[in-house]
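K.L.:
Pasting the sequence and the predicted coordinates here, then a few questions.
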2 protein chains.
Amino acid sequence: MPDSTTDTAQDTPDTAPDFAGSGGGETIAPRPYILGDAPGPLSRDELVALDAWWRAANYLSVGQIYLMANPLLGEPLLPEHIKPRLLGHFGTVPGLNLVWTHANRAIRARDLNAVYVAGPGHGGPGPNACAWLEGTYSELYSHIPRDAEGMRTLFHQFSFPGGVPSHCAPETPGSFHEGGELGYSLLHAFGAALDHPDLTVFCVVGDGEAETGPLAGSWHAAKFLEPARDGAVLPVLALNQYKIANPTLFARIPDEELLTLLRGYGYEPFLVAGDDPATVHQEMAATLDTCLDRIAAIQRAARAEHRAERPVWPMIVLRTPKGWTCPPVVDGEPVEGTFRAHQVPLPAARTDPAHLATLEAWLKSYQPGELFTDDGAPAPELLELVPAGDRRMSANPIANGGLLVRELRLPEWQNYGVPVTAHGATRHEATRVLGAWLRDVTAANPDDFLVLAPDELVSNRLQDVLEVTGRNWQLEIGPFDVDLDRSGRVIEVLSEHMCQGLLEGYLLTGRHGVFTCYEAFIHIVDAMFNQHAKWLDAASAVPWRRPIASLNYLLSSHVWRQDHNGFTHQDPGFLDVVLNKSPEIVRVYLPPDANTLLSVYDHCLRSRHYANVVVAGKQPGADWLPIPEAAAHCARGLGIWEWAGNNDDPSTTPDVVLACAGDVPTLETLAAAAILRDRLPALRIRVVNVVDLMRLLPDSEHPHGLPDPDFDTLFTRDRPVVFAFHGYPWLVHRLTYRRTNHAGLHVRGYKEKGTTTTPFDMVMLNDLDRYHLVIDVIDRVPGLREQAAGLRQEMQDARWTARRYTREHGEDIPEVANWVWPEAAIPRPGR
Amino acid sequence: MPDSTTDTAQDTPDTAPDFAGSGGGETIAPRPYILGDAPGPLSRDELVALDAWWRAANYLSVGQIYLMANPLLGEPLLPEHIKPRLLGHFGTVPGLNLVWTHANRAIRARDLNAVYVAGPGHGGPGPNACAWLEGTYSELYSHIPRDAEGMRTLFHQFSFPGGVPSHCAPETPGSFHEGGELGYSLLHAFGAALDHPDLTVFCVVGDGEAETGPLAGSWHAAKFLEPARDGAVLPVLALNQYKIANPTLFARIPDEELLTLLRGYGYEPFLVAGDDPATVHQEMAATLDTCLDRIAAIQRAARAEHRAERPVWPMIVLRTPKGWTCPPVVDGEPVEGTFRAHQVPLPAARTDPAHLATLEAWLKSYQPGELFTDDGAPAPELLELVPAGDRRMSANPIANGGLLVRELRLPEWQNYGVPVTAHGATRHEATRVLGAWLRDVTAANPDDFLVLAPDELVSNRLQDVLEVTGRNWQLEIGPFDVDLDRSGRVIEVLSEHMCQGLLEGYLLTGRHGVFTCYEAFIHIVDAMFNQHAKWLDAASAVPWRRPIASLNYLLSSHVWRQDHNGFTHQDPGFLDVVLNKSPEIVRVYLPPDANTLLSVYDHCLRSRHYANVVVAGKQPGADWLPIPEAAAHCARGLGIWEWAGNNDDPSTTPDVVLACAGDVPTLETLAAAAILRDRLPALRIRVVNVVDLMRLLPDSEHPHGLPDPDFDTLFTRDRPVVFAFHGYPWLVHRLTYRRTNHAGLHVRGYKEKGTTTTPFDMVMLNDLDRYHLVIDVIDRVPGLREQAAGLRQEMQDARWTARRYTREHGEDIPEVANWVWPEAAIPRPGR
């Protein structure tokens, strides 16, 4: 093959054929492929071989976009061979294939353990093509063998009903990064490299993607890479200069300005630029060698020589034409090297004979006859370029993290629980109690468990974790800095995007972690969450993908305790975002106290393939349940707190149900129950606490859903239910609207009413306070409004008294601030 | 005053008093204030005067955090003078005050028209203090005069129930940037500068904030500033080195690396560093002069000399200690210049006598006796430093954009509507039709209207706008770039954050705009939307704030037409996020066709102080309503389409209501109605289309809410309602759960089920297709299941036929793809 390439190139005419397009202007096919010579580390044989792989991958990419038959062009190309809807994207593909091609050379030469992240949007055809060439596609999808029929199927399924999407996705062998929403490639790459000391991540970043905020911030992720313990990321900024319809910012500033920016981010950037394949191959090979040598030297210095200075990691800027090798002109408009190459360079290939002829010439310009055998398999020369077994990036098990994920060593959470001799008699900071357990989880799993926080670890009261580790810090350490550590297991950076993205990358490649964040600001990563949830959902349907560890959130500094920060910090709406995603994937927990938080979190860290959202308080709060009760309550997910109500006999229907979910709503509900039991002892009250929010859904809608008869038993079929809820109230309605007693359900929750205030004033503002809950009960239980008019007025007065006290003293009225569940003091009803 | 400062300083002892703290270690008060000398542009008098302002602002800031009485320390400081809950933040304040102090000098010297953006979190005390010194606070809040009682009130209200929050907020004079969530300061600053040619925005960026993705990307916003037409932003990176509990990344890389990064971002950075006030004052004054000279030269070159090269804008890196001037040591721990100064340096001032004594010494170290008259007014020397009238940054009307906002000149939308001779007989791309109108809106409002898009303007079919303007582009223009223009009125950058942030800044300072985005990816700015909605809500309650122009979204490339891109691009959940915000602020519209889109958008651009979310299709879709009908329908917000149903007599209750919201659901509903009318002519069908989603809410919940009796009339009290909805189905339930007929409501919408498919297959996957809607009707109208069993089976078969066709041909079955509303062909019922 090597020699013939040159021969063939010399045989073909030097000018491209022109076609008269229907659009009026001419359409020019790419020049048949001529591989020149250029100086560099590649021998002619190597150069020719690498180029052949690249051509093959490009051919297979064009085929995926256009063809549903005639994959090898065994017969003249006809309209019926072309898909009726052309939905792929070619622009970024040649760059992706070039990087893959050269990465494979390095993998073979250096026996690298490498994975590949395709950041640019819609680059799917490239990695699909390379995975097929490497054989992985056929191993994972037996109906797509490495032959002509397999090639046809590979083409046909691409962006076709029931097939694979136009970007990298869970279906893509070797991918652990979805190519839909842009901005997260580097974060996933760095997340993968953490704690994988021998891993090299080739991460292609699109220059469009590079304009996004998350990507702009994530260059700094290299500052968290510990060269002795972590692997390496080699970013390749694919500067093909165009987005959908515009040039990119980075393409229209001088090269030196761009390189200065990247140096400022802490990298040593190398520029590879050109549009002559031979020259670019040689430069890319040389540059890749240099970069990988640099990485090896950094790692050697850190590992063998124990040198601790912060490395300057290499990276590559690859400036090549958008749609490189596609038709240079279509309908009189320049295409190759312009934004018009972004998607489908020949949009009318099925209907316009000129486009069709150009497509055929374009495909033939890659000289498929040299690249594939007659029966459609890759030529033997190509197969020699494939790394062995798992060294193939398309087959690396790290990209299928579920294959590698281990069970965490979890200390018995019960040993960390707080003793509760009487319900509510003591107080603890729930997240602080959890912190002690997380500390020991961190210590027990030193290689595959991370805690991430946007500078909120201590604020969220998880500081005990810092007793066994520090915060990952590779930069200078100042005289007053504390708890910074080159090998720290906590990553703190004031970027929710970076926390989320690094953790996603870490989980997707087989490890575990927790992301703790202020509740309101987790909305910053709504979109990232959505994409990860979609990945989990879609991956579940891919047979060869294994479940990965769950994405565990611990949201604290929550909506009800933002007296500190006010309105901007009040937003419990992440739950609404989460619940829009597939019920197979999402779980939401609102543990009311320390012991239930421990129990819930133990469950979360054992789970797989979910997004677990746990909202918990960091302020001192009542300890409601002893450890065994907490375990039982969390196992049920919701249940009656018999001790809190007075309706001992479960066969008796209560007069009213007081339901609650969340720590503050639970406190107020219990306080309301105490008032009601004290003042209206004949009223039969049931208190139901909800930990697992998904229990409210019907079992037809969610695996955790409570069957209707059980729901009816708990919440009654017809009695008033006053539900004090942590979040926006309509979320409870959304979950319960199909339930028998939905009409009886009255929900109190947060509405947008924040102001600078105290904790109790905050709940009063939202009518979620104990006094108003009592009023709600009085207003809803038949006959009570008349019977308990005096109590109702007392409750109104108590609210105004509390508010006036707050306004005057700046803190809550002592009878509220110091209130304790009066367990022994409340009469049980005499029935 | 000038001389006495030096005298006093020399009189005070050089060593700070020590106090034995309860925490065991010693607590050291700041050294009494000694202003040294340093070389620089400031005369001694100027230096002393500026420093006095700075000290006064710092004194007033500490006072806000701690004191609720004894503001001038007229008597010894006692525990009862201290707030019971200390909730402010001091760390960032001295830096903010320093910038304000020096900005004022420049404003007076150069007669600058300037505003101030405080990026660092929780810096509220600083701008409050400066506004009070400038008199603005007292002008806007008559109960807070510039005297001792006013000072006491200023202190008392800060972070106190019913008072003002701890960060800049709508209540803060001169602020148009909320200080809650971090990351958007630069974007707001640049948004303000656009189209304000004589404006200078001093934008302080926290080094914590600088770690966020949005901020990291937004340095590039300078690349969209046209120096002839736009004002200037002077970023000041406040490098106080610490966040809540950690050093910042930027503080722990070498200065030269940081400056390289900022140069790479395109700036000329100047470093001002130190902890000696005199030196820093001199350096800051000199540097500010240099920067403002640079800006003036850039603007002169662009305006007077018409030079078109891209400017290198100056900026400042200000490296000063966190909590500068606060106690250096508290309880044995270093505080000034460390992360411990972030919040309240003396947390036990009310309970610990050592803390209390240190606080008193700290306050006195600013020498308040020199700064304020005996009755608490700022000393006359300070008043001389206040810029005149509106030149005060605290009083600049640009920061209260509602004062300046003009009505847009809007061409009659009816002139852009498509002719509709028969309902549904023709097709148009709705957003393309809107684009022609937006083109003329753009042309008619060349100074105060912008269109922003993340590289999606053309993709969303608004390219007609480019007929009258280009895309704003200040960089090099390549040979194949099109529609780039130095003075373009369209801003395209592949960053939803930048689009949102620039538009927010533009609106907040009195102008108008539209942000068009793919529906799924608008989630990227969920958090920004939340913060802006909260600003609008809180601003409504501030009497001196005027309503600003609405934030107008145009979301296209929506969930139902993502055959192109698949699962990752399917997410209609932004509506759920939006509806959690205050009903006074949010509006959601789902126009079903081109004419309704025009009508809705005309309404949006006339509205004030809302967030208007409009979701519309870009693919060819049926034109349902002629212009007058579209106007009437949009004015009602929802209504019966009599022509589509067969229940002509509105006094007759139909057998079933087919409701729909959104373009694709409307199409499928109409197609279902056609089938039902054709095949079950005796069935009385009502078709209700919903444009304004808020109409579904009760009028008690939203100003647009439909009163219950009207809702009952439209949707009946007891007949089945099959509702085809654009978004997640439970959103409709959430809006309607209080309605009489809620139990009869059956909603079809999007559930997470995406795959690579065709448009009709997509709606089939979600059971929202015409055939399934017919089945829904058959299953829900009493008796119909038996009576129409044959039709039901036909519908099932039709679905399988359509699906098989899709899988085989890659496009939709022609009978669906080419379906047209058969208006004339359908029998009206003979009743």
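P.N.:
Perfect, thanks for sending it.
K.L.:
When you work out contacts or count neighbours from here on, use the C-alpha atoms and nothing else.
P.N.:
Fine.
K.L.:
Could you tell me which residues within stretch A:361-377 count as buried?
P.N.:
By 16 or more other Cα atoms under 10 Å in any protein chain shown, the buried positions in stretch A:361-377 come out as A:361-368, A:370-372, A:376-377.
K.L.:
Report the two of the residues you listed separated the most.
P.N.:
Within these, two members stand farthest from each other by Cα to Cα: A:Ala361 and A:Ala377, at 21.3 Å.
K.L.:
give me every residue that touches A:Leu237.
P.N.:
Going by Cα atoms under 8 Å, 6 or more residues apart in numbering or on different chains, A:Leu237 touches A:Val204, A:Val205, A:Gly206, A:Asp207, A:Met315, A:Ile316, A:Val317, A:Leu318.
K.L.:
Check which helices and strands the lengthiest helix in chain A sits against.
P.N.:
When chain A is parsed with DSSP state H, its longest helix is helix A:277-303. With contacts taken as 3 or more Cα pairs under 8 Å, 6 or more residues apart in numbering or on different chains; DSSP states H and E, helix A:277-303 sits against helix A:44-66, helix A:93-110, strand A:267-273, strand A:313-319.
K.L.:
A:Arg439: what secondary structure?
P.N.:
Counting by DSSP: H, G, I helix; E, B strand; the rest coil, the backbone at A:Arg439 sits in helix.
K.L.:
wait, it sits on A:Val465?
P.N.:
Yes. The pair A:Arg439 / A:Val465 is scored as a contact, 4.0 Å apart, by Cα atoms under 8 Å.
K.L.:
Redo the buried residues of stretch A:361-377 as TSV? Include pLDDT.
P.N.:
Shown next, in TSV, are the buried residues of stretch A:361-377 (pLDDT from 0 to 100):
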residue	pLDDT
A:Ala361	96
A:Trp362	97
A:Leu363	97
A:Lys364	96
A:Ser365	96
A:Tyr366	96
A:Gln367	95
A:Pro368	96
A:Glu370	95
A:Leu371	97
A:Phe372	98
A:Gly376	97
A:Ala377	98
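K.L.:
And for A:Leu784, the neighbour number?
P.N.:
16 (other Cα atoms under 10 Å in any protein chain shown).
K.L.:
so who does it touch?
P.N.:
Contact analysis of A:Leu784 by Cα under 8 Å, 6+ apart lists A:Ile778.
K.L.:
Is the residue of the stretch 651-800 of chain A found nearest chain B in a helix, a strand, or coil?
P.N.:
The minimum distance from the stretch 651-800 of chain A to chain B, using Cα to the nearest Cα, falls at A:Thr757 (3.8 Å). When classified by three-state DSSP, A:Thr757 comes out as coil.
K.L.:
how about the strand or helix carrying A:Arg799 against chain B, any contact?
P.N.:
Element membership for A:Arg799 (DSSP states H and E) is helix A:789-809. Yes. Using Cα under 8 Å from any Cα of the partner chain, helix A:789-809 reaches chain B at A:Thr806, A:Arg807, A:His809.
K.L.:
Please work out the average pLDDT along the helix or strand just after that helix.
P.N.:
Downstream of helix A:789-809, the first helix or strand assigned by DSSP H and E is helix A:814-817. Across helix A:814-817, pLDDT averages out at 96.
K.L.:
Contacts for helix A:814-817, please.
P.N.:
Here helix A:814-817 makes contact (Cα under 8 Å, 6+ apart) with A:Phe760.
K.L.:
just how off-centre is that helix within its chain?
P.N.:
Put simply, helix A:814-817 sits 43 Å off its chain's centre (Cα atoms, centre = their mean, to the nearest Å).
K.L.:
Which of the helices and strands packed on helix A:277-303 sits closest to B:Glu384?
P.N.:
strand A:267-273 (49.4 Å).
K.L.:
Does anything pack onto the closest one? Which helices or strands?
P.N.:
Packing contacts for strand A:267-273, counted by 3+ Cα pairs under 8 Å, 6+ apart, involve helix A:255-264, helix A:277-303, strand A:313-319.
K.L.:
ok, now with 6 Å
P.N.:
strand A:313-319 (3 or more Cα pairs under 6 Å, 6 or more residues apart in numbering or on different chains; DSSP states H and E).
K.L.:
Please enumerate residues in contact with the strand it packs on?
P.N.:
Strand A:313-319 has contacts (Cα atoms under 6 Å, 6 or more residues apart in numbering or on different chains) with A:234-240, A:267-273, A:291.
K.L.:
A:Arg439 and A:Val465: who's more crowded?
P.N.:
When A:Arg439 and A:Val465 are compared on other Cα under 10 Å, the one with more neighbours turns out to be A:Val465, at 26 against 19.
K.L.:
In three-state terms, label that one for me.
P.N.:
Secondary structure assignment for A:Val465 (three-state DSSP): helix.
K.L.:
What is the nearest of the contacts of A:Leu237 to B:Glu171?
P.N.:
Of all the contacts of A:Leu237, A:Asp207 has the smallest distance to B:Glu171: 40.6 Å, by Cα to Cα.
K.L.:
The closest one: neighbour count?
P.N.:
By other Cα under 10 Å, 27 other residues sit near A:Asp207.
K.L.:
just A:Asp602 next, same as before
P.N.:
Burial of A:Asp602 is recorded as 20 neighbouring residues (other Cα under 10 Å).
K.L.:
For B:Arg804, see how far away the residue nearest to A:Ala69 when sequence neighbours are not counted is.
P.N.:
In space, and not counting its chain neighbours, A:Ala69 is closest to A:His81: 4.7 Å by Cα to Cα, 6 or more residues apart in numbering or on different chains. Applying Cα to Cα, to the nearest Å, the value for A:His81 to B:Arg804 is 19 Å.
K.L.:
ok, back up a step: I'd like the list of the buried residues of stretch A:361-377 that fall within helices, please.
P.N.:
A:Ala361, A:Trp362, A:Leu363, A:Lys364, A:Ser365, A:Pro368, A:Glu370, A:Leu371.
K.L.:
Dump those into a markdown table; add distance to chain B as well.
P.N.:
As requested, those are exported to a markdown table (distance: Cα to the nearest Cα, whole Å):
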| residue | distance to chain B |
| --- | --- |
| A:Ala361 | 24 |
| A:Trp362 | 22 |
| A:Leu363 | 22 |
| A:Lys364 | 25 |
| A:Ser365 | 24 |
| A:Pro368 | 26 |
| A:Glu370 | 31 |
| A:Leu371 | 28 |
